[in-house]
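Visitor: For reference, the sequence and a predicted model appear below.
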Protein chains: 2
Amino acid sequence: MPAMKRLNSREIADQLRKKIESGEYLPGSVLPSERELIETYGISSATASKVTGLLKSTGLVESQVGRGVFVRRRTQLIRHAHDRYARHWREAGKAPFRAEVEAQGRAARVEVTDIARLVPEKWVNERLALPIGQEVVRRENTYFVDDHAVQIVNTYIPLSIAADTPLEVAVPGPGGIYAAFEQLGHRLTRMLEEVQARMPRTDEAQRLNASPGTPVLDVLHISYDQDETPMDVSHFVLRGDENVLTYELPTD
Amino acid sequence: MPAMKRLNSREIADQLRKKIESGEYLPGSVLPSERELIETYGISSATASKVTGLLKSTGLVESQVGRGVFVRRRTQLIRHAHDRYARHWREAGKAPFRAEVEAQGRAARVEVTDIARLVPEKWVNERLALPIGQEVVRRENTYFVDDHAVQIVNTYIPLSIAADTPLEVAVPGPGGIYAAFEQLGHRLTRMLEEVQARMPRTDEAQRLNASPGTPVLDVLHISYDQDETPMDVSHFVLRGDENVLTYELPTD
DNA sequence: AAGTGGTCTAGACCACTGC
DNA sequence: CAGTGGTCTAGACCACTTA
């Protein structure tokens, strides 16, 4: 047998990645255990651990202690349509998120985990055009698909708008909070979103049940009424591997 | 002295993170070297290396071999305005990317790294409403800020539209390819973008000079003319830590 | 009880930086 | 040449899963 060149963790990870992409290891199947890698490649356990770490960081595999390292099944994507806040959805009373997920034969659920009056971080006040330190209503939501969290949303609404209205109760009525704004006499005219990609904080990774190494989409949503008054700032944190945001852009 | 509880790499990284966030280590300053960590925390070199690895994966610090581990300066964000493809920009002849970057006092540069006719992957044909296997023109671009790459773009255009036109040369004229489409008699009416977050492939991480652990924004852009004919599919890969995409959403 | 991933130690060597 | 991050070895122990 010819003396094999000693491979490093990067090269071994690349080999495995190619085997996965070529279909040699199918989605859901188990990779060679770290003990096997140690023997077949003549490496130490720390290196073997690094190999699986590299594969995990690309989202290609996931590990379960005591069980093994598994090739990830292609997760079904949740598409957030560009008209997801359009009036016809509010009037139909069925949110696009729910429609999309149920069309995939999966169960959608939105849970309002907290509603409170509080002084938010100052960027919230800035976006809401409120003096720093002024109280707002915060609505904290978690979106579930098949009972696992895929999306965390914090919505901040000026107290002057939300105080003692349906916006301070868990279910503000059919059509959600945007329908409630219109019930209160605000006509929504404009919504902006700012999208970034980043790594989750440890608490977010836990809440989203995401293997560390999965990035998140960080979306800041601001809506305005007919007077250009900001109605709400909503901060979305979505699992990057399960969500697609779609937008339409002006050409004129 | 009370016997210190032996800390693991996570806990040590958390301590350092807090010191950075509290300002004890300022942006640009150097963290204790791994040798110092080994001594002060009584850990091994592998653990010390893991500590810095954890901090790097959150984008908080970056390392330079032979020099040290440095607290990242707050990177200035490049905002991609929601009207970035609007006609007035094409007519002004100065792209929003360039305007944004130069307004920050930094140098913008776009390099066309390749133009070729080829048979693309099949998702390209699908989006362009072309038969699988049909040739297209691919334009490969890299966007630089202060001479480091922040954005990779592959634009695919049906051969029937681009063949023997300015779209096959490096500089299709002022206003870029979208102005060129209109010169050729296509009026752009609609543009869609699909946004995802993911980890970069190794070659992308290299090209973007991103420390592995920094996620990217993956954007698919499709534009249509007055007949709903797809004009181009562009695939953007942006550094997640340096770019913000902004969008306006319909409320009606 | 056997096998798994996860984490760690105590060293070693390498390529690189900066004086 | 001393100091740096990066990678590795050859073990060890732990918590967990599966049977």
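Guide: All right, it came through fine. Residues are numbered from 1 along each chain as shown, chains lettered A, B, ... in the order given.
Visitor: how about A:Leu16, secondary structure?
Guide: Put simply, A:Leu16 is helix when judged by DSSP: H, G, I helix; E, B strand; the rest coil.
Visitor: Run through the residues that contact it.
Guide: A:25, A:31, A:51, A:55 (Cβ atoms under 8 Å, 6 or more residues apart in numbering or on different chains). Backbone N, C-alpha and C define where each C-beta goes, glycine included.
Visitor: In contact with the closest residue to A:Arg84 other than its chain neighbours, which residues are there?
Guide: The spatial neighbour of A:Arg84 that comes closest, neighbours along the chain excluded (Cβ to Cβ, 6 or more residues apart in numbering or on different chains), is A:Pro96 at 4.3 Å. Applying Cβ under 8 Å, 6+ apart to A:Pro96 gives the contacts A:80-81, A:83-84, A:89.
Visitor: One more: A:Ile78?
Guide: Taking Cβ under 8 Å, 6+ apart as the criterion, A:Ile78 is in contact with A:97, A:100-101, A:104, A:145, A:150, A:242-244.
Visitor: In the stretch 1-150 of chain A, what residue spans correspond to helices?
Guide: Counting by DSSP state H, counting those that start in this stretch, the segments of the stretch 1-150 of chain A that form helices are A:9-21, A:34-41, A:45-57, A:87-92, A:96-103, A:122-128.
Visitor: Any figure for the gap between the closest residue to A:Ala108 other than its chain neighbours and A:Val119?
Guide: Once its chain neighbours are removed from consideration, A:Ala108 has its nearest residue in A:Val101; the separation is 3.9 Å (Cβ to Cβ, 6+ apart). Distance of A:Val101 to A:Val119, given as Cβ to Cβ, to the nearest Å: 35 Å.
Visitor: Between the contacts of A:Pro96, which sits nearest DNA strand D?
Guide: Distances from DNA strand D to the contacts of A:Pro96, taken as Cβ to the nearest atom of the strand, are shortest for A:His80 (32.9 Å).
Visitor: Would you confirm that the closest one contacts A:Tyr247?
Guide: No - distance between A:His80 and A:Tyr247: 9.2 Å, which falls outside the contact criterion (Cβ atoms under 8 Å).
Visitor: Spell out which parts of chain A neighbour DNA strand C.
Guide: Residues of chain A that fall close to DNA strand C, judged by Cβ under 7 Å from any atom of the strand: A:31, A:33-36, A:45-46, A:49, A:52-53, A:56, A:63-69.
Visitor: what bits of the stretch 1-150 of chain A have low per-residue confidence?
Guide: Across the stretch 1-150 of chain A, residues meeting the criterion (pLDDT under 70) sit at A:1-5.
Visitor: So which residues on it come close to DNA strand D?
Guide: By Cβ under 7 Å from any atom of the strand, the residues of the stretch 1-150 of chain A that approach DNA strand D are A:6, A:8-10, A:42-47, A:50, A:64-67.
Visitor: if we go to 6 Å?
Guide: A:8-9, A:43-47, A:50, A:65-67 (Cβ under 6 Å from any atom of the strand).
Visitor: Count residues in the vicinity of A:Gly105, would you?
Guide: Applying other Cβ atoms under 10 Å in any protein chain shown, we find 8 residues neighbouring A:Gly105.
Visitor: all strands of chain A, in order?
Guide: Counting by DSSP state E, one finds strands in chain A at the ranges A:61-64, A:68-71, A:78-80, A:108-118, A:136-145, A:148-158, A:188-198, A:216-225, A:230-239, A:243-249.
Visitor: Report the angle between the fourth one and strand A:148-158.
Guide: Our comparison of strand A:108-118 with strand A:148-158, counting by axes from the mean of the first three to the mean of the last three Cα atoms, to 10 degrees, yields an angle of 40 degrees.
Visitor: still on that earlier bit, could you check which of A:Val101 and A:Val119 has the larger neighbour count?
Guide: It is A:Val101, of A:Val101 and A:Val119, that has more neighbours when counted by other Cβ under 10 Å, with 21 against 13.
Visitor: A:Pro120 reaches A:Val136, doesn't it?
Guide: Yes - using Cβ under 8 Å, A:Pro120 is in contact with A:Val136, at 5.4 Å.
Visitor: can you list residues touching both of those two?
Guide: Listed as contacting both A:Pro120 and A:Val136 by Cβ under 8 Å, 6+ apart are A:Tyr156.
Visitor: need the contact list for A:Ala95.
Guide: A:Ala95 makes contacts with A:84, A:89, A:110, A:176, as judged by Cβ under 8 Å, 6+ apart.
Visitor: Might one say that the third one is in contact with A:Glu140?
Guide: No - here A:Val110 does not reach A:Glu140: they are 11.4 Å apart, not a contact under Cβ under 8 Å.
Visitor: Which pLDDT value goes with A:Asp227?
Guide: According to the per-residue confidence, A:Asp227 scores 95 in pLDDT.
Visitor: before we move on, what about A:Thr155?
Guide: Looking at A:Thr155, its pLDDT reads 97.
Visitor: Can you tell me how far the closest residue to A:Arg98 other than its chain neighbours is from A:Phe97?
Guide: Excluding the flanking residues, the one nearest A:Arg98 by Cβ to Cβ, 6+ apart is A:Ala108, at 4.4 Å. For A:Ala108, the distance to A:Phe97 equals 6 Å [Cβ to Cβ].
Visitor: Then A:Tyr41?
Guide: From A:Tyr41 over to A:Phe97 the distance is 45 Å, taken as Cβ to Cβ.
Visitor: again, but for A:Pro131
Guide: Counting by Cβ to Cβ, the gap from A:Pro131 to A:Phe97 is 33 Å.
Visitor: Could you do A:Gly59 as well?
Guide: For A:Gly59 relative to A:Phe97 (Cβ to Cβ), the value is 23 Å.
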